[in-house]
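# let's see this in three dimensions:
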Amino acid sequence: MRSRISEKSLEMNVNENIVVAIRRWGGVFSRAFIYGFTLRAEARHGFDSSINLPGTASFLFALQYKKPISKSGNIYRFLINSDKRRQQHILLWISSLRYRNVWYAFPLIIDSLELSRSSPNFLQRTCFVRVQDFPPHTFDRNKHLVEIDTNRFIGRVFSSEEEKLPIYTGENFLKTIKELIPIYVGEIERLSWDYVYEKMRAIGVKEEVLEEMRREEERQYHRFTSGFFSM
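The predicted model follows:
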């Protein structure tokens, strides 16, 4: 019997595959663990979870999971920036300003039947996209549709225009992660809005989007940081 599944179900199963694979690398990686962010932390930074290393106050990468909203043949569709305030995509980009290890995870699993058929190799049914690889026009307060074609292994994002996305298989994602230097929490600096705006202007984010962000920041008396958690 088919039934809808929660995003949390996908996150838990894929993360288990990831951390088991990383532990096989040995050394400090053999004790890697999953860190789940609180709803408050997710609202602040955009993350669902990360893979961390013990005794070092460091993490390898952070993830934001998205479950498919629909499927047509071999094409799975996802929505990004669909949170209540429609700023999650921008938050993720801000958090990746200093580091490139912030990713979207797109499990290609639409229902409970596909979930059971994928077990135990959920990572093989998951694609990853680096947040910084999204085109500049997607960093706004609008929803954006992501499509992944499992036949041709092509990712696309649709909004005001269509663009291809560089997507990683689970295997290629792990190869990329293995080459990253673990990020230490103490090294993560507070980011001022001036710094954020200049970076967003540099990649071509529209001025009206920046002005809307500034007005929202003034209402909230809030400064974004790229910090994650303290240990």
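
# tell me what the longest strand along the chain is packed against?
As assigned by DSSP state E, the longest strand anywhere in the chain is strand 58-65. Judged by 3 or more CB pairs under 8 Å, 6 or more residues apart in numbering; DSSP states H and E, strand 58-65 is in contact with helix 7-23, strand 49-53, helix 88-95, strand 102-107, strand 183-184. C-beta: built from backbone N, CA, C; applies to glycine.

# looking at the ones you listed, which has the lowest confidence?
With a mean of 54, strand 183-184 has the lowest mean pLDDT of the helices and strands packed on strand 58-65.

# next SSE downstream of that strand?
Using DSSP states H and E, the next helix or strand after strand 183-184 towards the C-terminus is helix 193-202.

# just the CA atoms of that next one, as PDB, please.
Below are the C-alpha coordinates for helix 193-202, written out as PDB (Å, rounded to 0.1, in the frame of the first residue of the first chain):
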ATOM      1  CA  TRP A 193      24.500  42.900   6.700                       C
ATOM      2  CA  ASP A 194      26.900  45.100   4.800                       C
ATOM      3  CA  TYR A 195      29.100  42.100   4.100                       C
ATOM      4  CA  VAL A 196      26.100  40.000   3.100                       C
ATOM      5  CA  TYR A 197      24.700  42.600   0.800                       C
ATOM      6  CA  GLU A 198      27.900  43.100  -1.000                       C
ATOM      7  CA  LYS A 199      28.300  39.400  -1.600                       C
ATOM      8  CA  MET A 200      24.700  39.100  -2.800                       C
ATOM      9  CA  ARG A 201      25.200  42.100  -5.100                       C
ATOM     10  CA  ALA A 202      28.400  40.500  -6.500                       C
END
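
# having no further points to raise, I will conclude here.
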